[in-house]
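K.L.:
sequence and predicted model, in that order:
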Amino acid sequence: MDPNKMLEKVLTDSDLSHVGRLYLPKKQIEKILSTIENFAMPPSGLQVEVLDNNKSYLVTIKKDSHRYFMCCGWNKIREARNLKTGDKIRLYLQDTKFIFTFYYALTL
């Protein structure tokens, strides 16, 4: 896996709140997006497919004035995996399509 196409994050209370947003580390997501030739974030956000083992979810990545976040589908992933504050996730952009692969590891 190309480390320039991967981000890792420890989930916070904000990521798991009723607002339904997964806040993405800015430097990491910008590094990933920079690997896509001629990429520009659409004003309405970017719809991507998140693969989690044998399940697929459509989510939207958006940017506000100072941060990136995943919404519109993040709640389905959060609920399906019963994610908690402190869980670690990893998202990886595959080379051939704009698809993130989702992993999580429970904290001990």
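P.N.:
Looks like it came in fine. Residues are numbered from 1 along each chain as shown.

K.L.:
and residue 90, its phi and psi?
P.N.:
Note on residue 90: its backbone torsions stand at phi -140, psi 130 [degrees, to the nearest 10].

K.L.:
typo on my end, it should be residue 86
P.N.:
phi 100, psi -20.

K.L.:
from what I can see it touches residue 15, true?
P.N.:
No - Residue 86 is beyond contact range of residue 15, at 10.5 Å (criterion: CB atoms under 8 Å). Using the backbone N, CA and C atoms, a C-beta is placed for each residue, glycine as well.

K.L.:
looking at these two, which is more packed in?
P.N.:
Just comparing residue 86 and residue 15: by other CB atoms under 10 Å the higher neighbour count belongs to residue 15, 22 against 13.

K.L.:
the more buried one falls within a helix, correct?
P.N.:
Yes - the assignment for residue 15 is a helix, going by DSSP: H, G, I helix; E, B strand; the rest coil.

K.L.:
show me what contacts it?
P.N.:
With contact set as CB atoms under 8 Å, 6 or more residues apart in numbering, residue 15 has these partners: 9, 21, 22, 23, 78, 85.
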